[in-house]
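Asks: With the sequence up front, the predicted model follows.
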Amino acid sequence: MNQGRGVRKRTVPEKSYAFETCNEEMRVEIHQLFNKVRSYVPPAGKEWTLPDPSVVLCDPHVSHPRLQALKQSLNEVKNQLSDKDLSIWHQHTCFTNRAGSVTAHLRSTTNAELCTQAWAKFYEILGTFKLLPENALKTGEMNSIHLCEAPGAFISALNHFLKTSGLHCDWSWIANTLNPYYEANGRGCTITDDRLITHTLPWWFFGSDNTGDIMLQKHLLELPRFVSSMHSVDLVTADGSFDCQGDPGEQERLVAPLQYCEAVCALLLLGTGGSFVLKMFTLFEHSSVCLLYLLACCFRSVNVFKPGTSKSGNSELYIVCLDYQAKEEIRPLLSKLIRNYGPDLASTAALFPRHCIPDSFLSQHEEICTFFHALQVNTIQENLKLFKCMSVEQRRRLEQLREYAAEFYTKRFNVHYLPRKSWVCRGGVARWAKLCERKQMGSFNQRKEMELQGWKQRLAQGNYGPFIERHCAGTEGCENVLSGRLDECDLGAWFALEGAVLPKVCSSTFCDQEMLDFLNEALEENLRVKAANHSDRALPVCSSCSIDSPVGILSEICSHPDVTSCLVLGSQSWCDGTLVGVKLQPEFLQGLSRCEVQDSTLHDGQPDYQFELLNTVLFALQKQHQGSALVIPLCSVLTRFTSGLVFTLHLCFRYITFHCLSGWPPAALVCVGFSPPSALPWLLDFLRDVLEKMKKVKLELGRQILQFVPLEELLRGELPRFLSSFNTAVVRQQLHMLMQVE
């Protein structure tokens, strides 16, 4: 994204700098907080060299006794946290964190965009190291690539740095992350915060399958083409990780394959003289030793940095690599790494044999690990002591340190005010921003015990239990109305997006994540029980629920004075009743009968179901008359595809609502007051083209049409809230019914 030439803007008014008045002990502590860095330095007169490619990925991993002793020591200290309630412990460590007030201070004084802890960490890296190559600054052109970047704080921090540091350069960037909109991406490794992404979609690389998985070889090969407009890549950042709460002692081992993939990407993309920033954790395993040695052979300077704004009690470290020098020398090795690229890279075999790692490097590595091990252990032990008892004086001292650290950060890293018009997203954040990061509750031991319980017990004991239990109102849904035919939109921007077939709908932009997780687990268990018992029984209907019937819904619609006719997508048997006392008799259109999606964790993501749904809706739109109504039985609206159909109907009807139903399908979408847009002929032609493309894609193994309405359209206005209400009602009802199953 071309951001124009950075111009230095107004700064924050000068304040009395409290740090200058603090005592010497506190001053030293603050300086140490922001100076946690160690570097790898080849012995005088010698160079570390890359091993021959023939020995790469051939030998098994080995264990380094001194490093494993550090790992065991650290895990013993971490084990003391296993009985601590995570939310209470997190609140405690946030207070004891000396840099805990930095982000709040930055938000209030510098107007930083997307100012998260990640923003503060990367800005600290920019202020500590000469990350931007001199050549890029001289030519006035700077190009950066950001891997595993969601939600985008590194991008916004770099933008802030460039705009306020007097660096006059044209900056272009490209980013990658697991696609938060691809419904098969689960929450364990996907950041769903899309506040920046939704405004900058053209600059995000999700690959030809739309998943955004950077660990796929095809994506590694596609990425250079995606960034081919860049003359040279000057900076690559990689901030990836996984949710390792289930096995925190093995975080380094679990995340290692991702870090290898990120490093291979950087070595492939970077131009000579470029910089690379890689997030790692503890560095005790042989995989980490090999990766760091590889980087030490490729860059003139490799530094292990713990930002002051990274909580001292966690294992997070940033590897800051400057001045890429091995572009030509690494080609043979890089070719072998690319051939073996993927989620198993360097997990089954070591990158380098032990004998290829010089003792001079290993001794430095052990010293670096010992240094950061001591820092982390000391912090955890201090936090444990303060957790048991914190005096008034200790609390007052911590409060002072936090205030001093925030002001010291702003001054040391020269953070200035940036007006909103200079942000990456100049218009601010999107109106609909789904924030649903995983909430960890209870202690580690309690969570392990909960994992042994069934979904019913966990649901009943959790926050959603009472909400599910109270489900009984038959009017649920009718109060949610999508009013007013949508204004004309740019239909010329619509296109059918093809990607990897959905094996399961694990997430949705338009649904509460935790409720969907529970529903999927419940459906999978129900399917296992059915298979074991050779049963095909339907879900029970709860006698305490007064849910609408199709007969009641149709009677209400057909009695409406403004409704001229009513078309129902479904056979007469779906209604299963006789309509009397209404001025209009609904017309039934056979459809959605061949595809059975009940009990499926694909929900509305099944390609055959989507094809039939689109085909039937297309036919129905051609039969509509001014003022007519349309009723569509639906299982859910979790996918972008089905959401696009609702958006299409929003273009054509005065208002849309929904009703929950007893039985299957669980809900009906009710569209009232057909008022076709002027571009209806074009719209119908486009939908026909989508159907034809779906037929062709169906013949391709592992491919599916994922979306046909641009995501920007699906995320604007009241549509996202309406879809979220629809899915919440459906998921709530299904969970309520599944709770009744013995």
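Replies: Sure, I can see it.
Asks: Distance check, residue 340 against residue 56.
Replies: With the distance defined as C-beta to C-beta, to the nearest Å, residue 340 ends up 9 Å from residue 56. Heads up, the C-betas are built off the backbone N, CA and C, glycines and all.
Asks: Show me what counts as buried in the host helix or strand of residue 69.
Replies: Counting by DSSP states H and E, the element that carries residue 69 is helix 65-78. Neighbour counts using 16 or more other C-beta atoms under 10 Å place 67, 70-71, 74, 77-78 of helix 65-78 among the buried residues.
Asks: any idea which helix or strand comes after the longest helix along the chain?
Replies: With residue count as the measure and DSSP state H as the assignment, the chain has helix 359-388 as its longest helix. Sequence order places helix 392-412 as the next helix or strand after helix 359-388, per DSSP H and E.
Asks: In terms of secondary structure, what does that next one contact?
Replies: Contact here means 3 or more C-beta pairs under 8 Å, 6 or more residues apart in numbering; DSSP states H and E; on that basis helix 392-412 packs against helix 24-33, helix 102-110, helix 117-128.
Asks: Pick the most buried one from those.
Replies: By mean neighbour count, with neighbours taken as mean count of other C-beta atoms under 10 Å, helix 117-128 ranks first of those at a mean of 23.
Asks: Tell me, what's the model's pLDDT at the closest residue to residue 66 other than its chain neighbours?
Replies: Counting by C-beta to C-beta, 6 or more residues apart in numbering, the nearest residue to residue 66 once its immediate chain neighbours are dropped is residue 366, at 5.2 Å. As summarised for this prediction, residue 366 has a pLDDT of 98.
Asks: Could you do residue 416 as well?
Replies: 96.
Asks: So it, which state does it fall into?
Replies: coil (DSSP: H, G, I helix; E, B strand; the rest coil).
Asks: Let me see the backbone angles for it.
Replies: Backbone torsions of residue 416, given as degrees, to the nearest 10, read phi -110, psi 170.
Asks: and it, how many neighbours?
Replies: 20 (other C-beta atoms under 10 Å).
Asks: Now do it against residue 158, distance only.
Replies: 14 Å.
Asks: tell me which element residue 258 is part of?
Replies: Judged by DSSP H and E, residue 258 forms part of helix 251-269.
Asks: I misspoke; the intended subject was residue 295.
Replies: Here residue 295 is assigned to helix 286-298, by DSSP H and E.
Asks: Now do that helix against helix 251-269, angle only.
Replies: 30 degrees (axes from the mean of the first three to the mean of the last three C-alpha atoms, to 10 degrees).
Asks: Which residues does the following helix or strand past helix 286-298 contact?
Replies: Downstream of helix 286-298, the next assigned helix or strand under DSSP H and E is strand 299-305. Contacts to strand 299-305, defined as C-beta atoms under 8 Å, 6 or more residues apart in numbering, come from residues 36-40, 125, 128-129, 276, 283, 292, 295-296, 317-326, 368, 372.
Asks: and the helix holding residue 295 with strand 299-305, angle?
Replies: Using the same axes, to 10 degrees: helix 286-298 against strand 299-305 is 140 degrees.
Asks: Now do helix 286-298: distance to the chain's middle.
Replies: From the chain centre to the centre of helix 286-298 is a distance of 28 Å (C-alpha atoms, centre = their mean, to the nearest Å).
Asks: quick one on the thing from earlier: so which elements touch the helix holding residue 258?
Replies: So helix 251-269, by 3+ C-beta pairs under 8 Å, 6+ apart, packs with strand 141-147, helix 217-226, strand 233-238, strand 270-280, helix 286-298, helix 331-339.
Asks: mind listing what the closest residue in space to residue 502 that isn't next to it in sequence touches?
Replies: Excluding the flanking residues, the one nearest residue 502 by C-beta to C-beta, 6+ apart is residue 605, at 4.2 Å. Taking C-beta under 8 Å, 6+ apart as the criterion, residue 605 is in contact with 183, 502, 504-505, 638-639, 641.
Asks: In helices only, show me the residues you listed.
Replies: Short answer: those in helices (DSSP H) are residue 641.
Asks: what about burial for the contacts of residue 605, which qualify?
Replies: For the contacts of residue 605, buried by 16+ other C-beta under 10 Å: 183, 502, 505, 638-639, 641.
Asks: hmm, which two among these are most spread apart?
Replies: 505 and 641 (10.8 Å; C-beta to C-beta).
Asks: anything in contact with each of those two?
Replies: 604-605.
Asks: sorry, back to before: remind me what the helix holding residue 69 packs against, helices and strands.
Replies: Against helix 65-78 (3+ C-beta pairs under 8 Å, 6+ apart) you get helix 359-388.
Asks: Mind giving me the packing neighbours of the helix it packs on?
Replies: Partner elements for helix 359-388 (3+ C-beta pairs under 8 Å, 6+ apart): strand 37-40, helix 65-78, helix 86-96, helix 286-298.
Asks: Which positions within that helix qualify as buried?
Replies: Those would be 361-362, 364-366, 368-369, 372-373, 376-377, 379-380, 383-384, 386, for helix 359-388 by 16+ other C-beta under 10 Å.
Asks: try stretch 341-354
Replies: 341, 345-346, 350-354.
Asks: Give me the phi and psi for residue 660.
Replies: Torsion angles, degrees, to the nearest 10, at residue 660: phi -80, psi 150.
Asks: isn't it right next to residue 736, touching?
Replies: No - applying C-beta atoms under 8 Å as the test, residue 660 and residue 736 come out as separate, 10.2 Å apart.
Asks: Comparing these two, which residue is more hemmed in?
Replies: Neighbour count, other C-beta under 10 Å: between residue 660 and residue 736, residue 660 has more, with 23 against 20.
Asks: Torsion angles phi and psi at the closest residue to residue 495 other than its chain neighbours?
Replies: Nearest residue to residue 495 in three dimensions, chain neighbours excluded: residue 708, at 7.0 Å (C-beta to C-beta, 6+ apart). Here is the backbone geometry of residue 708 (degrees, to the nearest 10): phi -130, psi -10.
Asks: now do residue 672
Replies: phi -120, psi 140.
Asks: and it, bridged to which residues?
Replies: Taking DSSP bridges, one obtains residue 629, residue 655 as the residues bridged to residue 672.
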